[in-house]
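[1] fold the following, please.
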Amino acid sequence: MNIKNLFKIVIFFIIFIIFFPAITSASEFKTGDKLVIAKDEVVNDDLYFAGNSVIVEGTINGDLVAAGGEIKVTGTINGGIIAAGGSIVVNGNVTDDIRAAGGEVRIGGDVGDNVLAFTGQFFLEKNARIARDLTLGAGNAVIDGTVNGNINGGVSDLEIRGATKGNVTLEIDGNIKIFPGATIGGNLEYTAPHQGEISGSVSGKTTYKETPVKKEDLKDKIESEIIGYLWLLLIGIASLMLAPGLTQKNSDAVPVKPLKNLFWGLLFLIITPIIVVLLLITIIGIPLSLILLIIYLISLYISKIYVGFWVGQYVLMKLKKEMRFKVITMALGLLIVLIGINLPIIGIFIHLVILLLGLGAIILSEYEIYQKLIEQKVI
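    The predicted structure is shown next:
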C-alpha cells in the first residue's frame, strides 16, 4: 500500500478515536474481551463495542460501531457499520453504509448504501452486492460480487471477476486484471505503471494513463515546504490555544537535558515500530498496535512544534526582545526549524536532532506528569 493510502488510514483512525468517546454516551456501549449477539437476540439501538472480538449473529436495529481484533457479522444490521480492526468480515445484510479500516475487510452480504474501506486486503465475495459506490484504499483487492455504483480510489493490485454497473476510476500501484466474464457497465479509467490484462467486458470507454515519473522542481519544493510550514504552524497554534500549559512544558523540556532527550527520542524512534509489529502478530494485540502506531506517527509530526517553540523563545531572549504573543514566537521558531532542516548536506542531521529532541522532550515531560499523578494517587 502506498503512502497516500496509509495516510488515509491514519486519518480515519484519528477521526474514529476523537469521535468515539463523544457518541458512546447516546447509545449502548460495551467493552470486554468478547461480545456475541446471538441469532435470536435483537438490539434496538446503536451498539458501540471496543474489545478483542465481536460476533453479530442476531439483529441490530441501529448502527454498529466496533473496534477490535476480529469483527464478524453474519446477522442483520438495520443501519450502518463503522469498524476498525485486524479482521472485518461482513457476511450478513447491512441496510446503510459500511466504513471499515483494518488488516483485512471481507464483504459477503448485501450492503444497502456505500462502502468505504481502507485495508491491506479487500474481498467482495461472489454473492455480495453493494447498492451504491465502493471507495477503496487497499493493498490487494478482489471484486467477485456486484457493485451497482462506481468503484473509486487507489489499490496496489486489483482483480475484477464480478460486475460493476457504474464507472471504475482507480490509481493502481501494481497490476490490474479484469477476468473473462467480468463486466463494467460504465467507463474504465486507471493510472498504473503498465497496462493491465483486460479480458472482461467494458461497456464504456477504457482509458489508461501511465503513472507519471515525478520530477520535483524548485518551485514545487518551495510550495510544498510553505504548505507544510503553515499546517505545522496551524497545529502549533491549536496546541497553544487548547493546551497552553502542556505546550510550554514540552517546549521547556527540550534544552533541560538534551543528551537524555536524544537518548529517549532515539529509543522511541527505533523500538516503537518493533513493538507495533510484534503486537500485530497476535489478534489480541491488534487494537493496541493500531493505537500505538497512531501515537507514534502523531508524535513524529508534532515533535518539531515543541522544538520550534523553544527555538523562537531562545532567539527572542538572545535578541533581548519581549514578545507577548506566543503565536508569533511559535511562527518564528518553526520558520528557523524549517530553514535548518532544508539546508544542504547538514539538513538531514539537523532534522534528525530536532526530531529526537522533540520526541525525548515529549516522553520525559509526559513521564513527569505520570509520576505526579501517581504521587497524588489520581491513578
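[2] only C-alpha atoms for contact and neighbour calcs from this point on.
    Fine.
[3] the stretch 1-150 of the chain: strands as residue ranges?
    In the stretch 1-150 of the chain, strands defined by DSSP state E, counting those that start in this stretch lie at 28-37, 42-43, 47-56, 59-60, 64-73, 76-77, 81-90, 93-94, 98-107, 110-111, 115-124, 129-130, 134-143, 146-147, listed in chain order.
[4] partner strands of the fourth one, with direction?
    The one in question is strand 59-60. strand 42-43 (parallel), strand 76-77 (parallel) (DSSP bridges).
[5] circling back: now the strands of the stretch 1-150 of the chain in a markdown table, with mean pLDDT and mean neighbour count?
    As requested, the strands of the stretch 1-150 of the chain are exported to a markdown table (pLDDT from 0 to 100; neighbours: other CA atoms under 10 Å):
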| stretch | mean pLDDT | mean neighbour count |
| --- | --- | --- |
| strand 28-37 | 71 | 15 |
| strand 42-43 | 92 | 14 |
| strand 47-56 | 82 | 22 |
| strand 59-60 | 94 | 22 |
| strand 64-73 | 84 | 25 |
| strand 76-77 | 96 | 24 |
| strand 81-90 | 86 | 25 |
| strand 93-94 | 96 | 24 |
| strand 98-107 | 88 | 24 |
| strand 110-111 | 96 | 24 |
| strand 115-124 | 91 | 24 |
| strand 129-130 | 97 | 24 |
| strand 134-143 | 92 | 23 |
| strand 146-147 | 96 | 25 |
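[6] of those, which is nearest Gly166?
    Ranking those by proximity to Gly166 (CA to CA) places strand 146-147 first, at 7.7 Å.
[7] tell me the first helix or strand C-terminal of the closest one.
    Downstream of strand 146-147, the first helix or strand assigned by DSSP states H and E is strand 151-160.
[8] from the contact counts, what lies against that following strand?
    Secondary-structure packing of strand 151-160 (3 or more CA pairs under 8 Å, 6 or more residues apart in numbering; DSSP states H and E): strand 134-143, strand 168-172, strand 176-178.
[9] for Lys219, what are its contacts?
    Contacts for Lys219 (CA atoms under 8 Å, 6 or more residues apart in numbering) come out as none.
[10] pLDDT wise, what is it at?
    Here, the pLDDT recorded for Lys219 equals 72.
[11] following the helix or strand where it lies, which helix or strand shows up next?
    Using DSSP H and E, Lys219 sits in helix 218-242. For helix 218-242, the succeeding helix or strand toward the C-terminus, using DSSP H and E, is helix 244-256.
[12] what's the closest non-adjacent residue to Val42?
    Sequence neighbours aside, Thr59 is the residue nearest to Val42 in space, at 4.8 Å (criterion: CA to CA, 6 or more residues apart in numbering).
[13] beta partners for the one you found?
    Taking DSSP bridges as the rule, Thr59 bridges to Val42, Thr76.
[14] so it touches Asp46, yeah?
    No - in this structure, Thr59 is not within contact of Asp46 by CA atoms under 8 Å, at 11.1 Å.
[15] what bits of the stretch 101-250 of the chain have low per-residue confidence?
    Along the stretch 101-250 of the chain, the model assigns pLDDT under 70 to residues 213-218.
[16] any idea which of the strands paired with strand 59-60 gets closest to Val89?
    strand 76-77 (13.0 Å).
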